[in-house]
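Engineer: Below are the sequence and a predicted model for it; my questions follow.
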Amino acid sequence: MTDLSPSPPATLNLDLDRVRRCGFPEVVYAAGKTVEETCAAAQGLFAAHQRALVTRCRPEQMQALRTCFPQGRFCERSGAMLVGQPPMSHGPIAVISAGTSDEAVAEEAELTALARGVAVHRLRDCGVAGLHRFLTRLPELDDVKALVVVAGFEAALTSVVAGLVSCPVIGCPTSVGYGVCNNGHTALHAMLACCAPGVTVVNIDNGFGAGYAAAGIALQGAPMPGAPQG
């Protein structure tokens, strides 16, 4: 007889040693997890490290996490949550989004860097269709240690930015765009083919990976003036 009873919840096997090996705790990727699994993982990581970062939450997961962590920082657009945000010690990095439609990915990049104790300077809606919006703010990037460019469509903003700044640039393509934009593949290929030297590219919609890498660059440098030590 076929057993139609629901499967038992997956057993958590949290990597509590990752903070020692890599300098940052395991992050909860909520996509594909149940509400119970998501909350249990976040609670386990918070108990071990006094902080937890959760990405790609569905609304019902976010609602449950709000109950578990009323003190957390919640980003509804990206479905990300951070509890136990550390003081800002390094940076800043900058996260530039080409358009409002790219904001969910940019928001994920920002929260990831903040979770690592890196300050973030945000420039929004700076796409090349109105390039003056970026050029007028270029002086604000003089002190950034790394820069994330979040763009869809043909992702031209990445090449433009990389040709104007001296810090490392991380391109983060998004799945925004019509037809031949092909769910972000055109943006990805354009960033990989960028003629400006030194551009590094992460996967489509991977704001977490872009923010994590930019924060890692900033953490290799000296702390910000007046930043808490230790």
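Structural biologist: Okay, I see it. Residues are numbered from 1 along each chain as shown.
Engineer: which residues does the residue positioned nearest the centre of the chain contact?
Structural biologist: In the chain, the residue lying closest to the centroid (Cα atoms, centre = their mean) is Ala109, at 2.0 Å. Neighbouring residues of Ala109 by Cβ atoms under 8 Å, 6 or more residues apart in numbering: 95, 148, 150, 172, 207-208, 210-211, 214. Where C-beta positions appear, they are placed from N, C-alpha and C, glycine not excepted.
Engineer: Format those residues as JSON lines; extra columns: neighbour count and pLDDT.
Structural biologist: As requested, these are exported to JSON lines (neighbours: other Cβ atoms under 10 Å; pLDDT from 0 to 100):
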{"residue": "Val95", "neighbour count": "31", "pLDDT": "98"}
{"residue": "Val148", "neighbour count": "33", "pLDDT": "98"}
{"residue": "Val150", "neighbour count": "36", "pLDDT": "98"}
{"residue": "Cys172", "neighbour count": "37", "pLDDT": "98"}
{"residue": "Gly207", "neighbour count": "30", "pLDDT": "98"}
{"residue": "Phe208", "neighbour count": "25", "pLDDT": "98"}
{"residue": "Ala210", "neighbour count": "32", "pLDDT": "98"}
{"residue": "Gly211", "neighbour count": "33", "pLDDT": "98"}
{"residue": "Ala214", "neighbour count": "34", "pLDDT": "98"}
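Engineer: In helices only, show me those.
Structural biologist: 207-208, 210-211, 214 (DSSP state H).
Engineer: can you give me the strands in the chain?
Structural biologist: Applying DSSP state E to the chain gives strands spanning 28-29, 52-55, 73-75, 80-83, 90-97, 118-123, 147-151, 169-173, 199-201.
Engineer: any chance of those in TSV, with distance to Ala222 too?
Structural biologist: Converted to TSV, the strands of the chain look like this (distance: least, Cβ to Cβ, whole Å):
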stretch	distance to Ala222
strand 28-29	31
strand 52-55	25
strand 73-75	26
strand 80-83	25
strand 90-97	8
strand 118-123	13
strand 147-151	18
strand 169-173	21
strand 199-201	22
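Engineer: most tightly surrounded among those?
Structural biologist: Highest mean neighbour count of the strands of the chain: strand 147-151, a mean of 32 (counted as mean count of other Cβ atoms under 10 Å).
Engineer: Can you tell me the strand partners of that one and which way each runs?
Structural biologist: Applying DSSP bridges, strand 147-151 is found paired with strand 90-97 (parallel), strand 169-173 (parallel).
Engineer: Distance from that strand to the middle of the chain?
Structural biologist: 10 Å (Cα atoms, centre = their mean, to the nearest Å).
Engineer: Restrict it to CA atoms and write it as PDB.
Structural biologist: Taking Å, rounded to 0.1, in the frame of the first residue of the first chain, the C-alpha atoms of strand 147-151 are listed here in PDB:
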ATOM      1  CA  LEU A 147      32.000  48.600  -6.400                       C
ATOM      2  CA  VAL A 148      29.100  46.400  -7.400                       C
ATOM      3  CA  VAL A 149      27.200  47.300 -10.600                       C
ATOM      4  CA  VAL A 150      23.800  45.700 -10.800                       C
ATOM      5  CA  ALA A 151      22.200  45.900 -14.200                       C
END
